[in-house]
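**Q** Below: sequence and its predicted model.
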Amino acid sequence: MTSPRVLVVDDEADLRELLEITLVRMGLDVDSAETLREARAFLAQNDYGLILTDMRLPDGLGLELVQEVSASNKSTPIAVVTAYGSAENAVVALKAGAFDYVSKPVVLDDLRVMVQSALRLSAPATHSGSPAAAGTASRLIGESAVMQSLRKQIERLARSMAPIAITGESGSGKELVAREIHARSSRAGKPFIAVNCGAIPEALMEAEFFGYRKGAFTGAADERDGFFHAANGGTLMLDEVADLPLAMQVKLLRAIQERRVRKIGATSEEPVDVRIISATHQNLAQCVETGKFRQDLFYRLNVIELSVPPLRERLDDLGVLVHGMLARLAGAGQQAALGPQVLETLSTYSFPGNVRELENVLERALAFANDGVIEVGDLSLKGARVAERPAPVAEAVAAPLQAGAPQVAAPMSVSGPAELPSNLPDYLEQVEREIILRALTQTQFNRTQAALLLGISFRQLRYQMQKLDIQEPEG
């Protein structure tokens, strides 16, 4: 099998030679170009596993090459070489479709890591399909238009190292989207570390993110790695990133820009190869305006924004989502199914808690369900309309009883003075028992429907039946 070929585009002879020597020692074939014109000529003749271009060239900008390659169908990773401190140029290049960047002066170890990552990514284009994604079902269930669009965006973003900011309501599945991006990237075999930034005490943040040396502070009995070290080679997800205190935002910005971290108590920084994905349900742009979030960190994290749709915008996926959740909740050898009108009732609910709330609703309903079959009354949804709901309790109580059903004692008059029964608790218990029996008889002892008629929960009805010793008739 032939070695992957890399195209180096740079007008500085010394740097170009350094890049060539480094790449050749990695076992790669290298073509070199000094100008955009020469680079375009090479691209017309050859396929490349990676293109490495300087940002400033004699006849134009490397950004032009980034845009041209990104617009082509070759899907070749292209990385840029930026001047030291030109973080803005790197962000612009990443937004334009660059795979990654390296800063001058080029650190060869960082360059080798980037090249290896890019070649893993380009292997599917030149050989036999992505090792990360081939034959792998998506974690994101649903065939609605918004979900199909989301999966297409993920496939494209998985081929980049650009930081991604995932936005969406609480419970919409932002972490699941981040895991999907990681799983379909060239980093799939490396760690995925998700961190809830709002759950870490401020005093412990630096130690948790960057680690510490033994003896760095009281209680530091051993050396410990931080989140960046744990995610090295893979992906670090910063969930609820808007909750980071300003002091930590400064340190995080430096770690992201320099790709190096310093443990507490250490005298030198260590390189880390981490892709950053952030997520929040807050509006980060508004947080910047109010001074809660640093503008430079926002600019660094929000290179590419990916929005996750709420459940109410993808109700076409409700059936397949429910089916998958019930299969997972039921467990091995157990039944879990929906009764009549349950799915229709779910579709009338707004789900402010999104997919997470749907799962909680189903888990709770399954706990109350008879024989694993969820009925409408088991859902306990406020604000949902019950499809083809039976007659309300007032009509049920007033309706004629079937032959043989017990008669309800006439209620006491409240229009004037009346003599109270000698034993009021027994009398009220008798009335309650007969009303419940009437509802059960009308619904042929379907306890879920009877609970709906009575306006109480299934659990309440079950308790009252036990209390009043109401038995379901045999046969």
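**A** Great, that's in hand. Numbering: from 1, shown residues only.
**Q** rest of the way, CA atoms for contacts and neighbours
**A** Will do.
**Q** CA atoms of stretch 246-265 as PDB?
**A** The C-alpha trace of stretch 246-265 is given here as PDB (Å, rounded to 0.1, in the frame of the first residue of the first chain):
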ATOM      1  CA  LEU A 246     -14.700  34.600  35.300                       C
ATOM      2  CA  ALA A 247     -11.400  33.700  36.900                       C
ATOM      3  CA  MET A 248     -11.600  30.100  35.600                       C
ATOM      4  CA  GLN A 249     -12.600  31.400  32.100                       C
ATOM      5  CA  VAL A 250      -9.200  33.100  31.800                       C
ATOM      6  CA  LYS A 251      -7.300  30.000  32.600                       C
ATOM      7  CA  LEU A 252      -9.500  27.900  30.300                       C
ATOM      8  CA  LEU A 253      -8.900  30.300  27.400                       C
ATOM      9  CA  ARG A 254      -5.100  30.000  27.700                       C
ATOM     10  CA  ALA A 255      -5.300  26.200  27.800                       C
ATOM     11  CA  ILE A 256      -7.500  26.100  24.700                       C
ATOM     12  CA  GLN A 257      -5.300  28.600  22.800                       C
ATOM     13  CA  GLU A 258      -1.900  27.200  23.800                       C
ATOM     14  CA  ARG A 259      -3.000  23.500  23.900                       C
ATOM     15  CA  ARG A 260      -0.900  23.200  27.000                       C
ATOM     16  CA  VAL A 261      -1.800  23.000  30.700                       C
ATOM     17  CA  ARG A 262       0.200  23.400  33.900                       C
ATOM     18  CA  LYS A 263      -0.700  21.300  36.900                       C
ATOM     19  CA  ILE A 264      -0.900  23.100  40.300                       C
ATOM     20  CA  GLY A 265       2.500  22.900  41.800                       C
END
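**Q** May I see the buried residues of that stretch?
**A** Neighbour counts over stretch 246-265 (16 or more other C-alpha atoms under 10 Å) mark Gln249, Lys251, Leu252, Leu253, Ala255, Ile256, Arg259, Arg260, Val261, Arg262, Lys263, Ile264 as buried.
**Q** Which positions within stretch 366-377 qualify as buried?
**A** So stretch 366-377, judged by 16+ other C-alpha under 10 Å, has buried residues Leu366, Phe368, Ala369, Gly372, Val373, Ile374, Glu375, Val376, Gly377.
**Q** Give me the contacts around that stretch.
**A** Residues from elsewhere that reach stretch 366-377, judged by C-alpha atoms under 8 Å, 6 or more residues apart in numbering: 334-342, 345, 365, 378, 386, 448-449, 451-452, 457-459.
**Q** picking that back up, how about the buried residues of stretch 246-265 in TSV, adding pLDDT, secondary structure and distance to Asn354?
**A** As requested, these are exported to TSV (pLDDT from 0 to 100; DSSP: H, G, I helix; E, B strand; the rest coil; distance: C-alpha to C-alpha, whole Å):
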residue	pLDDT	secondary structure	distance to Asn354
Gln249	96	helix	29
Lys251	96	helix	34
Leu252	96	helix	30
Leu253	95	helix	32
Ala255	94	helix	34
Ile256	92	helix	32
Arg259	90	coil	35
Arg260	92	strand	37
Val261	96	strand	37
Arg262	96	coil	39
Lys263	96	coil	39
Ile264	95	strand	40
